[in-house]
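**Student:** Model the following, please.
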Amino acid sequence: MVYQKVNVPRLADAIMEQLESQIIEGVLKPGARLPAERVLAEQLGVSRPSLREAIQKLVAKGRIISRQGGGNYVSDQLETAFSDPWEQLIRQNTALHGDVLEFRRAIEGVVASMAAERATDADLAHLKDLIGKLRRAYEGEDLAAQSAADVAFHQAVAEASHNVLFAHLVSSLLHMLHKNIEDNIANLFASGPVAGTLLEQHEAVWQAIENRDPVAARAASEAHIDFVAKTMAHFRDERERRDRAQRRLAGV
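**Tutor:** Predicted coordinates for the structure are as follows:
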């Protein structure tokens with residue numbers, strides 16, 4: 001009888017794969033600092049040299065950033081690999097803004113419907129907590145807090161879909177649009193009542209997910225993006241009319 005050779009993975013490779021899986025699944029998020037080497041080795045039940053070798057492999061792959069004397073951090077490679085080439089183009093070409101919102105509508109609608117079907121009790125509790133933070137942020141005048149709460153909610157919906165590709169794609173998209181989201185919120189809040197509508201739309205997405213209604217979740221998510229697109233187009237048209245009037249009056 002002929003036996004196949006049994007391949008036992010090296011310990012460092014096994015450690016690397018476990019940590020990389022946690023990065024891919026979003027357990028370890030971009031910017032998160034890994035525990036100290038001694039602590040992490042104890043948690044994994046491995047030797048420090050094997051852990052050190054695994055970390056070096058992850059650094060070489062771009063998954064981890066090692067700072068001299070400052071520890072090891074999860075990189076944002078999985079997000080920026082998509083967003084970096086587009087971020088400046090979108091900022092410089094306003095004609096692309098409509099395409100971006102159309103793309104968000106398609107992606108986030110699907111993600112919301114999946115979240116309604118797949119969200120765990122822990123996911124639902126997290127979303128409820130974020131809705132509370134979103135409400136508090138909308139009541140204040142801190143633009144940074146409003147933007148951060150908005151991004152965190154959309155990211156949590158994506159993670160509740162339990163599809164790692166969608167979760168990373170939405171994270172990448174939000175990373176790319178973070179400044180754009182701040183600008184959107186600044187313009188939308190300038191119109192007063194619009195802020196309340198935005199909050200109601202986020203709550204509608206959350207409630208549909210809470211109710212396990214994928215059709216309603218998708219519709220609420222798409223309606224939210226449609227509203228943002230329509231409102232931003234209105235602001236853009238108003239700004240163009242003001243600029244045109246100023247140029248005309250300057251020549252009088």
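**Student:** Any stretches of the stretch 151-252 of the chain with poor pLDDT?
**Tutor:** Counting by pLDDT under 70, the stretch 151-252 of the chain shows low-confidence ranges at 177-192, 251-252.
**Student:** Mind doing that once more with 90?
**Tutor:** Applying pLDDT under 90 to the stretch 151-252 of the chain flags residues 151, 164-165, 167-199, 228-252.
**Student:** again with the stretch 1-150 of the chain
**Tutor:** 1-13, 20-32, 37, 61-62, 66-71, 75-104, 134-150.
**Student:** at 80 instead, please
**Tutor:** Scanning the stretch 1-150 of the chain for pLDDT under 80 picks out the ranges 1-9, 68-69, 77-98, 140-144, 146-147.
**Student:** Do a quick rundown of the strands in it.
**Tutor:** 64-67, 71-74 (DSSP state E, counting those that start in this stretch).
**Student:** So which of those strands is the most surrounded?
**Tutor:** strand 71-74 (a mean of 18; mean count of other CB atoms under 10 Å). C-beta here means a position set from N, CA and C on the backbone, and glycine is covered the same way.
**Student:** which strands and helices sit next to it?
**Tutor:** strand 64-67 (3 or more CB pairs under 8 Å, 6 or more residues apart in numbering; DSSP states H and E).
**Student:** nearest residue to the most centrally placed residue in the chain other than its sequence neighbours?
**Tutor:** The centroid of the chain falls nearest to residue 171 when counting by CA atoms, centre = their mean (2.8 Å). Leaving aside its sequence neighbours, residue 171 sits nearest to residue 79 (CB to CB, 6 or more residues apart in numbering; 5.0 Å).
**Student:** for residue 43, same thing?
**Tutor:** Closest to residue 43 by CB to CB, 6+ apart is residue 35, at 6.7 Å.
**Student:** Would you format the strands of the stretch 1-150 of the chain as CSV with distance to residue 24 included?
**Tutor:** Shown next, in CSV, are these (distance: least, CB to CB, whole Å):
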stretch, distance to residue 24
strand 64-67, 13
strand 71-74, 11
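**Student:** Sweet, I'm off.
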